[in-house]
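K.L.:
Have a look; sequence and predicted model below, questions after that.
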Amino acid sequence: MIKKAISIVLSFLVLITIFSGCTGNDKARGTADYVELCNYLDLKIPTEEYAVSDEDLNTAIKLNLCEFDIEATKLTDEIATKYFSVADASSAKIQIKREIIENRFFEAACDYIFNNSKIIKFPTYCNEYVDKLVETHKVCAEEQKIKLEEYFLTTFEMTESEYREAALWGYADYMILKAIAEQEGYSISREERDELVNYTAEFDGITYNEAVELYGYEYFDYLLYEANLKRIILVQYEDEILEVL
């Protein structure tokens, strides 16, 4: 069974393409009806999964300096105060290191959660929209005047059946994130979704409506459900993170 590795490649493509317009009785039901969650509040993640070496930290510092467009090779107290809102370079390094640890811990947690939660069954509309997704690729294959199987092999390095399975597992990640949100009593507000859409639109240099048309609302919902899980994980495992820090 193709699981996490391939689903990552296609998850955003799947989310952008198949969520828009999903309808039917299945969608009205709670996601928990389709997902059996693992105990995401009792994870045992080895510290080596998210430990940060000096080389890692130095690389991250350089990337931060580039991000702020700072022409410097060293993180100084002045830079730390101005760009990182901390007292000195030492505090900024701790801040950057913590961010790396948090991101690595969350990535490791997501791998565990996605791989140990179970999809009881996929809603019927998932298969329907995977079919529609494949149909769009048939058009692309015809435009390139190649067989569909060749198209999948050259474009995605997988067969059509592998692609179909990967597309479903890309959707499974969304279902798991949404099931966790439902269990935690979190629902996405119009305001926070609009804020994310506006940020993306500004970053891409397009309008709000163009961003929605390009990505689909559910793509932004995926990111918000993911952010919700990250908040939960970082609070729950604060002590473990501090141990590595």
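P.N.:
Right, received. Where do you want to start?
K.L.:
hey, where'd the strands end up in this structure?
P.N.:
Using DSSP state E, the strands of the chain run over 35-36, 118-119.
K.L.:
which parts of the longest helix seen in the chain are buried?
P.N.:
When the chain is parsed with DSSP state H, its longest helix is helix 89-116. Within helix 89-116, the residues scored as buried using 16 or more other CB atoms under 10 Å are 89, 92-93, 96-98, 100-102, 104-106, 108-110, 112-114. (Each C-beta comes from the backbone N, C-alpha and C, glycine too.)
K.L.:
follow-up on the earlier one: and among the strands of the chain, the most buried is which?
P.N.:
Among the strands of the chain, ranked by average contacts under mean count of other CB atoms under 10 Å, first place goes to strand 35-36 (a mean of 16).
K.L.:
What is the least confident helix or strand in this protein?
P.N.:
Across the helices and strands of the chain, the lowest-confidence element by mean pLDDT, DSSP states H and E is helix 4-18, at a mean of 42.
K.L.:
ok, back up a step: out of the strands of the chain, which comes closest to L177?
P.N.:
Among those, the nearest to L177 by CB to CB is strand 35-36 (9.6 Å).
K.L.:
now E226, nearest residue through space, not along the chain?
P.N.:
Distance criterion CB to CB, 6 or more residues apart in numbering; nearest residue to E226, sequence neighbours excluded, is L177 at 5.7 Å.
K.L.:
can you pull the contacts of that neighbour?
P.N.:
The contact partners of L177, by CB atoms under 8 Å, 6 or more residues apart in numbering, come to Y222, Y225, E226, N228, L229.
K.L.:
again, only using 7 Å
P.N.:
Residues near L177 by CB atoms under 7 Å, 6 or more residues apart in numbering: Y222, Y225, E226, L229.
K.L.:
and if you look at E243?
P.N.:
E243 neighbours (CB under 7 Å, 6+ apart): none.
K.L.:
repeat for I176
P.N.:
Residues near I176 by CB under 7 Å, 6+ apart: V35, L37, I113, F114, S117.
K.L.:
Now do the same for it: its pLDDT.
P.N.:
As predicted, I176 sits at a pLDDT of 93.
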